[in-house]
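*Asks:* Kindly generate the corresponding structure for this input.
(chains A and B)
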Amino acid sequence: DSGVTQTPKHLITATGQRVTLRCSPRSGDLSVYWYQQSLDQGLQFLIHYYNGEERAKGNILERFSAQQFPDLHSELNLSSLELGDSALYFCASSGGIDRFRDYGYTFGSGTRLTVV
Amino acid sequence: GENVEQHPSTLSVQEGDSAVIKCTYSDSASNYFPWYKQELGKRPQLIIDIRSNVGEKKDQRIAVTLNKTAKHFSLHITETQPEDSAVYFCAASSQSNDYKLSFGAGTTVTVRA
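*Replies:* Residues are numbered from 1 along each chain as shown, chains lettered A, B, ... in the order given. Predicted coordinates:
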């Protein structure tokens, strides 16, 4: 157990639908990052939140949005789903920006999204 | 922003041989360089990291070297075993980029028995 919790582990949904993926960071970590990993692909950065604030956006589609709540958990919302959105979605957490407990990311186990 | 290039994209080695993966980075301010191992269908896991004030770090069969002047760093796996088969990602970060990790594209390592 990495300390980063992602739910659900698996999700199967139809095209056009909306889903919400949830991430609870490791205790004490302030930063949450979301990544998309399609089959045999690398880690595509989507978005970074630090202590409730959006810090950076990557290749995130307009149909996707995210937020980080006061308790530091984060949700990634994917809407108007397309077949091409099928992928593994990882969140990762780290100690923060101003004061680094450790530099590295700890990844959750991911949510495997299948759009049919 | 930071750009990390990783080579090779695939690597096949005989069990017992060594494997080397190389990465280059673009931002001279980068000062933290981790390596992640991802087994099929699982999460990436940190296996070793190095900071810019160190040139080499070793942990049992794995080692990482850093050349700040040339802006490249490498992962070395010695005496490879079948369980070393996985995808390996290098990454780099700097304070100027909010410590956000920029990942390489990954190297698929296959260890042949």
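
*Asks:* make it CA atoms for all contacts and neighbour counts henceforth
*Replies:* Will do.

*Asks:* For chain A, which residues are neighbours of chain B?
*Replies:* Applying C-alpha under 8 Å from any C-alpha of the partner chain, we find that chain A lies next to chain B at A:41-43, A:90, A:97, A:103-110.

*Asks:* got those residues as CSV, with neighbour count columns?
*Replies:* Compiled in CSV, the residues of chain A next to chain B are given as follows (neighbours: other C-alpha atoms under 10 Å in any protein chain shown):
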residue, neighbour count
A:41, 11
A:42, 18
A:43, 21
A:90, 27
A:97, 17
A:103, 21
A:104, 26
A:105, 23
A:106, 24
A:107, 27
A:108, 26
A:109, 25
A:110, 30
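
*Asks:* and the two most separated of these?
*Replies:* For the residues of chain A next to chain B, the maximum inter-member distance is 28.0 Å, found between A:41 and A:97 (C-alpha to C-alpha).

*Asks:* hey, C-alpha coordinates of stretch B:21-32 in PDB?
*Replies:* Written as PDB, here are the backbone C-alpha positions of stretch B:21-32 (Å, rounded to 0.1, in the frame of the first residue of the first chain):
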ATOM      1  CA  ILE B  21      18.900   3.400 -19.900                       C
ATOM      2  CA  LYS B  22      19.900   7.000 -20.700                       C
ATOM      3  CA  CYS B  23      18.000  10.300 -20.300                       C
ATOM      4  CA  THR B  24      18.700  13.900 -21.200                       C
ATOM      5  CA  TYR B  25      17.100  16.900 -19.800                       C
ATOM      6  CA  SER B  26      16.800  20.500 -21.100                       C
ATOM      7  CA  ASP B  27      16.400  22.700 -18.000                       C
ATOM      8  CA  SER B  28      19.800  23.400 -16.400                       C
ATOM      9  CA  ALA B  29      17.900  24.300 -13.200                       C
ATOM     10  CA  SER B  30      16.700  20.700 -12.700                       C
ATOM     11  CA  ASN B  31      18.100  19.300  -9.500                       C
ATOM     12  CA  TYR B  32      16.200  16.100  -8.800                       C
END
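
*Asks:* Show me what it is in contact with.
*Replies:* With C-alpha atoms under 8 Å, 6 or more residues apart in numbering or on different chains as the test, stretch B:21-32 has contacts from A:103, B:1-8, B:49-53, B:68, B:71-76, B:90, B:92-96, B:104, B:107.
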